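*Asks:* What shape does this take:
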Amino acid sequence: MPASFADTAVIALGSNLQNPARQIKTALQIIAEHPQIELRRVSSLYTTAPVGYTDQPDFVNAVCTVSTNLGGAGLLAVLNGIEQDFGRERSFRNAPRTLDLDIIDYNGESSSDPHLTLPHPRAHERSFVMRPLAEIAPDFRIGSHGRAADLAEQLGSGGIAVTEAAPVFSDGPDNQAV
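*Replies:* Prediction:
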């Protein structure tokens with residue numbers, strides 16, 4: 001297991017193709033095995049109705065927190081590589097996907113870079129991000145939008161349900177994953 005790294009990030013995971021729960025758990029395992037990333041906390045898996053384009057299967061979503069020394073751009077590059085390895089295609093906005101990995105927050109930083117906007121510009125509007133985040137870090141603040149628990153409560157639980165307890169890979173630093 002790597003030593004603890006100084007920076008903290010929140011990552012949202014989603015999939016609705018090719019056994020989505022397995023896709024999420026495999027992606028979490030790959031993240032945990034990266035030498036410059038320490039997986040800290042992992043939410044339960046949630047089944048959620050699609051947003052935007054609705055003529056597609058339901059999604060499985062989760063959120064994790066990590067420690068890293070990669071920097072925001074470096075972490076994004078790692079996550080994009082994992083998505084590619086899973087066959088991610090970006091055919092249109094809100095399209096079905098084998099795997100989607102989004103950085104929701106990186107070390108509390110703000111960025112308007114078109115490749116990595118921080119915090120994620122729509123995370124606070126999405127119950128499939130806020131409910132899992134509130135489960136593992138209820139006091140986590142999403143920019144100026146507020147605490148994860150408050151945002152999750154405001155968004156409600158319509159179209160989202162816990163389908164599987166948080167995956168545990170081994171005894172991690174927060175007794176959840178790694």
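
*Asks:* quick one: contacts for residue 96?
*Replies:* 16-17, 56-57 (CB atoms under 8 Å, 6 or more residues apart in numbering). Any C-beta I mention is one placed from the backbone N, CA and C, and that applies to glycine too.

*Asks:* what do you get for residue 106?
*Replies:* Counting by CB under 8 Å, 6+ apart, the residues that residue 106 touches are 7-9, 72, 75, 116, 118.

*Asks:* these two touch, right, residue 46 and residue 60?
*Replies:* Yes: between residue 46 and residue 60 there is a contact under CB atoms under 8 Å: 7.0 Å.

*Asks:* Now do the shared contacts for the two.
*Replies:* Joint contacts of residue 46 and residue 60 (CB under 8 Å, 6+ apart) are residue 163.

*Asks:* which one of the two has more residues nearby?
*Replies:* residue 46 (26 against 23; other CB atoms under 10 Å).

*Asks:* Remind me which helix or strand the residue nearest to the more buried one when sequence neighbours are not counted belongs to.
*Replies:* Of all residues not flanking residue 46 in the chain, residue 61 sits nearest, at 4.9 Å (CB to CB, 6 or more residues apart in numbering). Using DSSP states H and E, the element containing residue 61 is strand 59-68.

*Asks:* buried ones in stretch 88-107?
*Replies:* 88, 95-106 (16 or more other CB atoms under 10 Å).

*Asks:* Now for those residues: which two are most distant?
*Replies:* Within the buried residues of stretch 88-107, 96 and 106 form the most distant pair, 26.9 Å apart (CB to CB).

*Asks:* Next, find the distance separating the residue nearest to residue 46 from residue 168.
*Replies:* Separation of residue 61 from residue 168 (CB to CB, to the nearest Å): 18 Å.

*Asks:* Comparing the two, which shows the higher neighbour count?
*Replies:* Neighbour count, other CB under 10 Å: between residue 61 and residue 168, residue 61 has more, with 27 against 12.

*Asks:* what sits against the more buried one?
*Replies:* 12-14, 24, 45-48, 128-129, 132, 160.

*Asks:* Could you list the low-pLDDT ranges of the protein?
*Replies:* 1-3, 92, 94-95, 169-178 (pLDDT under 70).

*Asks:* Tell me where it has strands.
*Replies:* Using DSSP state E, the strands of the chain run over 7-15, 37-42, 45-48, 59-68, 100-106, 111-113, 116-118, 160-164.

*Asks:* between the fifth one and strand 7-15, how big is the angle?
*Replies:* Relative orientation of strand 100-106 and strand 7-15, computed by axes from the mean of the first three to the mean of the last three CA atoms, to 10 degrees: 150 degrees.
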